[in-house]
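quick one, what's the 3D model for this:
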Amino acid sequence: MGPPTRPLGTFAAVSDPETPPAEELEQAIDRSPHSARYVALRVLGALLVIGVALFVQRTWLSDEAARETFGAKVKRIDVDSKLLDRTLPVRVVVPRRIPDRERGLLVFLHGRGEDERSYLVDPMFEALADLRDRAPVVAFPYGGVSSYWHNRDSGQWAAYVLSELIPKLIRRFDIAPRKVAIGGISMGGFGAYDIARLSPKRFCAIGGHSPAIWESASETADGAFDDAADFDRNDIIEAAKLTPSPYRGTRLWIDAGDEDPFLQGDEAFEDALTDSGLEPIVRNGPGGHDSDYWNGNWREYLGFYARALNNCRLETRTTGARKPIDEPTAQADTADGG
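A predicted model of the protein is given here:
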């Protein structure tokens, strides 16, 4: 890994206040199981907890978020995927001051065990607001517990993103077809680069934040790949060595904390990119593979995507074939649909 231009910082994660435990609400009342007052207050306490949960669900996870979003609207949409034979949720954040049409789009993929709501956090909203009218629309799709966002036995996850998700987002949110970037954290960071190799020159920018990259099939975590052959088909280190590279002509970003367990694989990927003549932006700094590290760097992440999208010159089509994508044509010079 080459020396970073500037180290990334850290930021304490912001958490929501928790509802007081129900037992604390009951300490001052008669605890006899035969007390009508006791029973009534237990029911009242239970209803209060349920009411708070429903309020959070209907506000924070709805279009009109109760949390501080700095004017951004959080939309929930569902994608009926024929490729995956299921309906998948997506959270889409539309910043306050962006144009009505010809907008930029960032598709941001979550990590293992997370979902489409995992990154709807205060640091992300604040960083997006700081971009003002340069901010992109940000889509957070759901990609399963451990799909690793690639085409495999459990489904055509990469094809879903390219051929179903992105075209729907372009139509629904008035996105400029050529102004699309993709990135993600951990599993999603790997997924962003793996998806992008299937469609060279499709994206204005690709970002891997603490990407989960292994150098060999024997090192991978359980469930990350179906088998060794599946790993070989999705080996992004080897893909980066191809001539021409599927990542050429695209702005690239990779970062990881200095205590990240994937650091060795990330460095091998960076070396493969630079050996191919590419110049990825590489950042590192103190931190591990956790939300404290990522929450401290949203300004860096979103700033990178905003600059790339607002200066993008790619020529791309708006849609692609709805059939499964089995193997990339890495040497193709034309963009595969999106």
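
just the strands in the chain please.
Residue ranges of the strands in the chain, as given by DSSP state E, are 73-81, 86-94, 103-109, 137-141, 151-152, 155-156, 175-185, 205-209, 251-257, 281-285.

enumerate the positions of the first one that are buried.
Of the residues in strand 73-81, those scored as buried under the neighbour-count criterion (16 or more other Cβ atoms under 10 Å) are V74, K75, I77, V79, S81. Where C-beta positions appear, they are placed from N, C-alpha and C, glycine not excepted.

returning to that earlier point: with mean pLDDT added, can I get the strands of the chain in a markdown table?
Conversion of those to a markdown table gives the following (pLDDT from 0 to 100):
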| stretch | mean pLDDT |
| --- | --- |
| strand 73-81 | 97 |
| strand 86-94 | 98 |
| strand 103-109 | 97 |
| strand 137-141 | 98 |
| strand 151-152 | 98 |
| strand 155-156 | 98 |
| strand 175-185 | 97 |
| strand 205-209 | 98 |
| strand 251-257 | 98 |
| strand 281-285 | 96 |
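
would JSON lines of those strands with distance to Q264 be doable?
Formatted as JSON lines, those follow (distance: least, Cβ to Cβ, whole Å):
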{"stretch": "strand 73-81", "distance to Q264": "35"}
{"stretch": "strand 86-94", "distance to Q264": "33"}
{"stretch": "strand 103-109", "distance to Q264": "22"}
{"stretch": "strand 137-141", "distance to Q264": "28"}
{"stretch": "strand 151-152", "distance to Q264": "24"}
{"stretch": "strand 155-156", "distance to Q264": "29"}
{"stretch": "strand 175-185", "distance to Q264": "18"}
{"stretch": "strand 205-209", "distance to Q264": "14"}
{"stretch": "strand 251-257", "distance to Q264": "10"}
{"stretch": "strand 281-285", "distance to Q264": "13"}
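
need the winner for burial among those.
Per-residue neighbour counts averaged over each of the strands of the chain give the maximum for strand 205-209, namely a mean of 29 (mean count of other Cβ atoms under 10 Å).

that one vs strand 281-285, what angle?
With axes from the mean of the first three to the mean of the last three Cα atoms, to 10 degrees as the criterion, the two stretches strand 205-209 and strand 281-285 enclose an angle of 20 degrees.

strand 205-209 vs strand 103-109, what angle?
When the same axes, to 10 degrees is applied, the directions of strand 205-209 and strand 103-109 differ by 30 degrees.

tell me the centre residue of the protein?
The centroid of the chain falls nearest to L109 when counting by Cα atoms, centre = their mean (2.3 Å).

roughly how far does it sit from D271?
For L109, the distance to D271 under the criterion Cβ to Cβ, to the nearest Å works out to 23 Å.

over to N297?
When distance is defined by Cβ to Cβ, N297 is 22 Å away from D271.

quick one, which of these two is more surrounded?
With other Cβ atoms under 10 Å as the criterion, N297 and D271 differ in neighbour count, and N297 comes out ahead with 24 against 15.

the more buried one touches H209, doesn't it?
Yes - contact status for N297 versus H209: in contact at 7.3 Å, counting by Cβ atoms under 8 Å.

now the common contact residues for the two.
Counting by Cβ atoms under 8 Å, 6 or more residues apart in numbering, the residues touching both N297 and H209 are D255.

ok, of the buried residues of strand 73-81, which one's closest to L131?
Using Cβ to Cβ, V74 is the member of the buried residues of strand 73-81 that sits closest to L131, with 16.6 Å.

what bridges to the closest one?
The bridge-partner assignment for V74, based on DSSP bridges, gives V93.

for H209, give the beta-bridge partners.
I185, D255.

isn't it right up against G183?
Yes - using Cβ under 8 Å, H209 is in contact with G183, at 6.7 Å.

anything in contact with each of those two?
Shared contacts of H209 and G183 (Cβ under 8 Å, 6+ apart): G189, W253, Y301.

closest one of the residues you listed to I237?
When these are ranked by distance to I237 (Cβ to Cβ), G189 comes first, at 13.6 Å.

so the closest one versus A72, what's the distance?
Separation of G189 from A72 (Cβ to Cβ): 23 Å.

the more surrounded of the two?
In this view G189 and A72 are compared by other Cβ under 10 Å, and G189 has more residues nearby, 28 against 22.

what residues are up against the more buried one?
G189 sits next to L109, G111, G183, G207, G208, H209, S210, P211, A212, I213, I254 when contact means Cβ under 8 Å, 6+ apart.

which non-adjacent residue is nearest the third one?
What that stands for is G183. Closest residue in space to G183, ignoring its immediate chain neighbours: G207 at 3.2 Å, by Cβ to Cβ, 6 or more residues apart in numbering.

the one you found contacts A306, doesn't it?
No - with contact taken as Cβ under 8 Å, G207 and A306 are classed as non-touching, separated by 11.7 Å.
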